[in-house]
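K.L.:
Test case, fold it:
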Amino acid sequence: MSEVVFQTSLQDEQLCCERGRVDFDFNLILVPVTLIFFLVWLLDKFVLKQRANKGRDQENFVITWAYDFWPVLAVVLILRSFLYEPFNIPSDSMVPTLETGDFILVNKFDYGVRLPIVNAKVIDVGEPKRGEVIVFRYPPQPTISYIKRVVGLPGDHIQFKAGQLTINGKQIAKVATEFKRDKDQLETPTVYYFKETLGEHQHLIRYLDGRNPLAEQFQFAQLKGAEALVPFVAKANNVFIQSNGQDWEVTVPKGQYFAMGDNRDQSADSRFWGFVPEANLTGRAFYIWMHKEPGFNLPSFGRNGKID
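P.N.:
Numbering: from 1, shown residues only. Next up is the predicted model:
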């Protein structure tokens, strides 16, 4: 297997925010700029008093900016940090639930109120539930945001055997279903869809006929002699090796979550790089508000709706 073929077999699920990629935290700019303008406003309000004595047209331009911008920036900071944040989906790892080009809203307070930049929880509000679609900081590189579906909760024992997902000894319902997606015509392997039920959430998952990305990556890692590329589930215990890469099982530690993409054969997720720490959670994805295909295409709103 060539390196190019392998790398294109999995979708990169790095999230983009509305203004660009999330491998740069916008709050690193927003927080200090808001604070600086607020301090300038305070300084003029109670010490310099240029606005009061000279008027808007005669004051220093920095003071004008402070009066004009800090309230707006403060509102944006509060909305983005504690309430809702927009993101853009740049890959197909969550197909068919989320498509490349979807613009989504993420609820920032469902899993606790967190301080911007450091992401430290200050108020405990709630925890992720099985089946919810979550945004989190990618554990190997926390400056990047990922989006996946919660499969395993802390303490869960997860098994995948003969194509069947089992959690704590209970098989997860998976029913073959018909689903038409125009882009699937471009896929070489046959595409299969199943209706899966995780907790209170029923959603579609997608498989490619004859594909086993975990086994493919394991073989690729062996070929390259790169231990770091070996899938996480292959290192968790002997189940993966003994089944020739067909089966795997893990137990989710306390304070961690196991997350997977709905596009099961084209998603780099917890099966490959491990658990999601509670400290890395950003929020719950709950609404698609716009869709825009890459390139010079107009936005559309036909996909607007709740994310389940």
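K.L.:
helix, strand or coil for the nearest residue to Glu178 once chain neighbours are set aside?
P.N.:
With C-beta to C-beta, 6 or more residues apart in numbering as the criterion, Glu178 has its nearest non-adjacent residue at 7.3 Å, and that residue is Tyr193. Heads up, the C-betas are built off the backbone N, CA and C, glycines and all. With DSSP: H, G, I helix; E, B strand; the rest coil as the basis, Tyr193 sits in strand.
K.L.:
can you check Pro96 too?
P.N.:
coil.
K.L.:
In the sheet, which residues pair with the spatially most central residue of the chain? Tell me.
P.N.:
Central residue of the chain (C-alpha atoms, centre = their mean): Ile147, 1.8 Å from the mean position. Under DSSP bridges, the beta-bridge partners of Ile147 are Val135.
K.L.:
Isn't it up against Phe286?
P.N.:
No. Applying C-beta atoms under 8 Å, one finds Ile147 not in contact with Phe286, separated by 11.8 Å.
K.L.:
Report the set of residues contacting both of the two.
P.N.:
Common contacts of Ile147 and Phe286 (C-beta atoms under 8 Å, 6 or more residues apart in numbering): Val133.
K.L.:
Please list all residues in contact with Tyr138.
P.N.:
Per C-beta under 8 Å, 6+ apart, neighbours of Tyr138: Gln14, Ile144, Ser145, Tyr146, Trp273, Asn280.
K.L.:
Let's see the pLDDT reported for it.
P.N.:
For Tyr138, the model assigns a pLDDT of 95.
K.L.:
Against Ser270, how distant is it?
P.N.:
For Tyr138, the distance to Ser270 equals 11 Å [C-beta to C-beta, to the nearest Å].
K.L.:
what about Gln202, which SS state?
P.N.:
With three-state DSSP as the basis, Gln202 sits in strand.
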